[in-house]
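Undergrad: Got a predicted model here, sequence first, then my questions.
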Amino acid sequence: MTGIATGLASLAATGALAVGAAFAPGADHPAPRTAIVIDAPAARDGRALVDPRLRGVDADVRLPRDAAEARTDVRYFAAQGYDRVVVAGPRSTAAADGPAIVAVADLPAALSAATR
């Protein structure tokens with residue numbers, strides 16, 4: 001008997017979550033997705049392999065080490081339908097193609113473009 005009650009309670013909770021998600025503010029307009037693809041050498045800060053500012057940005061970040069990785073990363077984000085793909089560095093910029101691409105000069109410009 002308790003198995004049935006537990007099952008019904010789980011079903012009711014799942015239903016409540018689904019209804020709440022459907023009526024939540026912004027449910028019909030998801031937040032725009034942003035990605036940053038920046039050449040690995042341009043994303044370093046001194047001896048640190050990754051600049052700490054990249055860890056705090058609200059975007060998916062990729063640091064390609066060569067041209068093939070840059071092409072793969074840019075194509076992946078474009079295929080996933082990202083609203084904005086910010087590219088920086090010669091390899092990443094060369095791989096950039098499409099309407100969602102924002103090419104910038106360096107890391108500070110990439111961070112700025114990602115937060116707009």
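TA: All right, it came through fine. Numbering: from 1, shown residues only.

Undergrad: so how far is stretch 83-97 from its chain's centroid?
TA: 14 Å (C-alpha atoms, centre = their mean, to the nearest Å).

Undergrad: what number of residues lie near the closest residue to residue 80 other than its chain neighbours?
TA: Distance criterion C-beta to C-beta, 6 or more residues apart in numbering; nearest residue to residue 80, sequence neighbours excluded, is residue 33 at 7.7 Å. Heads up, the C-betas are built off the backbone N, CA and C, glycines and all. Neighbour count of residue 33, defined by other C-beta atoms under 10 Å: 16.

Undergrad: quick one, what contacts residue 33?
TA: The contact partners of residue 33, by C-beta atoms under 8 Å, 6 or more residues apart in numbering, come to 60, 80, 81, 82, 83, 84.

Undergrad: Make CSV from these and add pLDDT, distance to residue 116 and secondary structure to it.
TA: Below are these laid out as CSV (pLDDT from 0 to 100; distance: C-beta to C-beta, whole Å; DSSP: H, G, I helix; E, B strand; the rest coil):
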residue, pLDDT, distance to residue 116, secondary structure
60, 96, 16, strand
80, 94, 20, coil
81, 93, 19, coil
82, 94, 14, coil
83, 94, 11, coil
84, 95, 8, strand
